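J.: below is the sequence, then the predicted model.
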Amino acid sequence: EVIVYSLTSHLPIYYLELPGNMPDSRTIEMIVTELKHAGFKNVILITDRGYESMKNLEVYIAKNQKVITSVKCGQGEALKAIKSIGLSTGVPEGMTFSKDTNLFYRQYSLDYQVQGNGEHVIKADRMRLNLYFDIRKRADDLARVQMAITTQTEVVQAVCEAGEPVPKEDRDTFRKENNFMKIAFWKSGKVRSFEVDRDAVKKATLTSGFFASKTLGLDLDPMEAKSRYGMRDEQEKTFMLQKGPLGEDRLRVCTESSKHGRMFICFVALILASYIRHIRGTKPELTKAFPSMAAILEGMQTIRCIEHDGRRKFITPFVGDQVTICDAFGFEIPEGCGVFVNGQWQVKNLKFLAEFMNQTGLTTGDIAKGVGLVRNSVTRWFMVDDTTLSRIITAADYYGYDFIISYTVPMREIEGTRLVIEKPARPIKAPGKRLDFIREAMKSAAITNEALAQKLNVIRNTVQLWFKKDDITISNIYKIAEGYGWEVNITFKLKNR
């Protein structure tokens, strides 16, 4: 599969399925042709070492194709450059150090030309070798070499002592698996002798810590080339995610059309995963809190939306890092969903209640006691960011407060006149009078029940039911205020003792 990425958004924008069981080195000309026919111009190919061959290089040059490709350090120009670098002090001589990445780097200009038609010669455009050195990688590589030598010695020694013959057709494989050993066999297939291959060890030691890439047709310094090549790493990590948690390790399909469909779904998943990884890389708060893109997805897995016919929708609260994720991605937490951060509920409709509890030292257990409910019921108020007015009044009364609520309704303008009529807000005590403040505001603004229902996008019977039961949810109190541009006034007033 071939993926085309945008260099600005780092998002995949096109994919191409390739026939299976084809060597990478044989597909490059087909890929270039397919992308050209798909309308992509000025495309930069990013390939791994599987595409590194003189034939492919000549195709790139002949077609003036821009390329960033990884190259092997154990051969060609890369090995020649490495041999010219001194490491006697432990630091590569002649290489520049990047404090941002802790890497040493150096760029080499390369000359190459391709024979065209007749006597026409095509010269490579800005072909450069980018060589990098990582001190920590060198230490790891040297340790792996020593571990491999020790392990391979033990394996070959065990085969030799056991006198087990190695079949003729398996000897090349046996030598490859024990590549740091020089192994000689008797005609019977038994191991005659073996020793450490000093040349192989020397070569592995020489290239330890180094890695390299080539660029063609591009004006990129080594660190820019490494950054661009990193997009391929994004793709590989996403494929690992698809083959792991997303369960796309094998496309269990029985038709060609089903395969195409599954591949398309994988491509959509790749778009989403690339976007998440890109945002994580640009937001320090995400990079600090989450070691990987998978950790971000895992952090949001506990969010659930429970919805049944005839029942109010319930969304589990957003807590801790979940709020950080939403802020970083610019997601709005759904209305009516509680947010719990640093031991406190971050609510909108019940913010006044949370502040009242904070100032008075009351807990959810205390409020539950005041209204005759269990503590979990009051916790749920904050989870859904809503409760009824009657319960707020009951809780306030239990702890010796009058709950006073009113709307500030702007006066209707009278041309040439500034009219002010002060109306005192009064405690809501008498049963059947809880919604008087709504009636007064509607009367002052000349709003009918039908008009209020239309403004809130509810049926008229809903408004009539509020007044019949003389109760309303806090969220609807704020919706009315928001719909008409009113201000909600709330006071917890100590009762006269």
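T.: That came in fine, so what should we check first?

J.: so where's the stretch 301-450 of the chain uncertain?
T.: 335-338, 340-343, 412-413, 419-432 (pLDDT under 70).

J.: tell me the average confidence for stretch 270-284?
T.: Stretch 270-284 carries an average pLDDT of 83.

J.: one more: stretch 465-477?
T.: The pLDDT scores in stretch 465-477 average 92.

J.: got the contact list for residue 356?
T.: Applying C-beta atoms under 8 Å, 6 or more residues apart in numbering, we find residue 356 in contact with 362, 492. All C-beta spots, glycine's among them, are computed from the backbone N, C-alpha and C.

J.: now name the helix or strand holding it.
T.: Taking DSSP states H and E as the definition, one finds residue 356 inside helix 351-360.

J.: how far is that helix from where the chain is centred?
T.: 36 Å (C-alpha atoms, centre = their mean, to the nearest Å).

J.: which stretches of the stretch 101-250 of the chain form helices?
T.: For the stretch 101-250 of the chain, the helices defined by DSSP state H, counting those that start in this stretch cover 135-162, 171-177, 198-207, 222-243.

J.: which stretches in the stretch 51-200 of the chain count as strands?
T.: Along the stretch 51-200 of the chain, the segments classed as strands by DSSP state E, counting those that start in this stretch run 66-71, 96-98, 103-109, 113-115, 121-123, 128-133, 181-185, 191-196.

J.: strand partners (parallel or antiparallel) of the fourth one?
T.: Paired strands of strand 113-115, with direction, are strand 121-123 (antiparallel) (DSSP bridges).

J.: in TSV, list the helices of the stretch 101-250 of the chain along with distance to residue 14.
T.: Output for the helices of the stretch 101-250 of the chain, formatted as TSV (distance: least, C-beta to C-beta, whole Å):
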stretch	distance to residue 14
helix 135-162	33
helix 171-177	38
helix 198-207	36
helix 222-243	13
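
J.: tell me which of the ones you listed sits most buried.
T.: Counting by mean count of other C-beta atoms under 10 Å, helix 222-243 has the highest mean neighbour count of the helices of the stretch 101-250 of the chain, with a mean of 17.

J.: now do that helix, average pLDDT.
T.: Here the average pLDDT along helix 222-243 is 74.

J.: give the next helix or strand downstream of it.
T.: That would be, after helix 222-243 and using DSSP H and E, helix 256-282.

J.: just checking, what packs against that next one?
T.: Applying 3 or more C-beta pairs under 8 Å, 6 or more residues apart in numbering; DSSP states H and E, we find helix 256-282 packed against strand 2-5, strand 12-16, helix 222-243, helix 284-289, helix 293-299, helix 321-329.

J.: on that earlier part again, check the strands of the stretch 51-200 of the chain for me: which has the lowest mean pLDDT.
T.: Note on these: lowest mean pLDDT is at strand 113-115, with a mean of 79.

J.: re earlier: distance to residue 211 added to the helices and strands packed on helix 256-282, as CSV?
T.: Listed next are these as CSV, based on distance: least, C-beta to C-beta, whole Å:
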stretch, distance to residue 211
strand 2-5, 21
strand 12-16, 25
helix 222-243, 9
helix 284-289, 24
helix 293-299, 24
helix 321-329, 32
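
J.: number of nearby residues for the spatially closest residue to residue 372 that is not a sequence neighbour?
T.: Using C-beta to C-beta, 6 or more residues apart in numbering and skipping the chain neighbours, the partner closest in space to residue 372 is residue 394 (8.0 Å). Look at residue 394: counted by other C-beta atoms under 10 Å, it has 16 neighbours.

J.: residue 394 and residue 369 touch, don't they?
T.: No - between residue 394 and residue 369 there is no contact, the gap being 11.0 Å when judged by C-beta atoms under 8 Å.

J.: chain neighbours aside, what residue packs nearest to residue 127?
T.: Residue 127 sits nearest to residue 110 (C-beta to C-beta, 6+ apart), 4.6 Å away.

J.: same question for residue 141.
T.: That would be residue 208: by C-beta to C-beta, 6+ apart, it lies 3.6 Å from residue 141.

J.: walking through the stretch 301-450 of the chain, point out its strands one by one.
T.: Along the stretch 301-450 of the chain, counting by DSSP E, counting those that start in this stretch, strands occupy 305-306, 314-315, 318-319, 339-341, 344-345, 401-408.

J.: what's the third one packed up against?
T.: Yep, that's strand 318-319 we're talking about. The contact analysis (3+ C-beta pairs under 8 Å, 6+ apart) places strand 318-319 against strand 339-341.

J.: let's go with 10 Å and repeat that
T.: With contacts taken as 3 or more C-beta pairs under 10 Å, 6 or more residues apart in numbering; DSSP states H and E, strand 318-319 sits against helix 321-329, strand 339-341.

J.: and of these, who's closest to residue 163?
T.: helix 321-329 (60.6 Å; C-beta to C-beta).

J.: count of neighbours near the residue nearest to residue 44 when sequence neighbours are not counted?
T.: Spatial nearest neighbour of residue 44, chain neighbours left out: residue 66 (4.6 Å); criterion: C-beta to C-beta, 6+ apart. Neighbourhood size, residue 66 [other C-beta under 10 Å]: 18.

J.: circling back: the strands of the stretch 301-450 of the chain: which one's closest to residue 178?
T.: strand 318-319 (53.8 Å).

J.: skip the chain neighbours and tell me the closest residue to the residue nearest in space to the middle of the chain.
T.: Nearest to the mean C-alpha position of the chain, counting by C-alpha atoms, centre = their mean, stands residue 276 at 2.7 Å. Spatially, and ignoring its direct neighbours in sequence, residue 276 is nearest to residue 293 (5.1 Å; C-beta to C-beta, 6+ apart).
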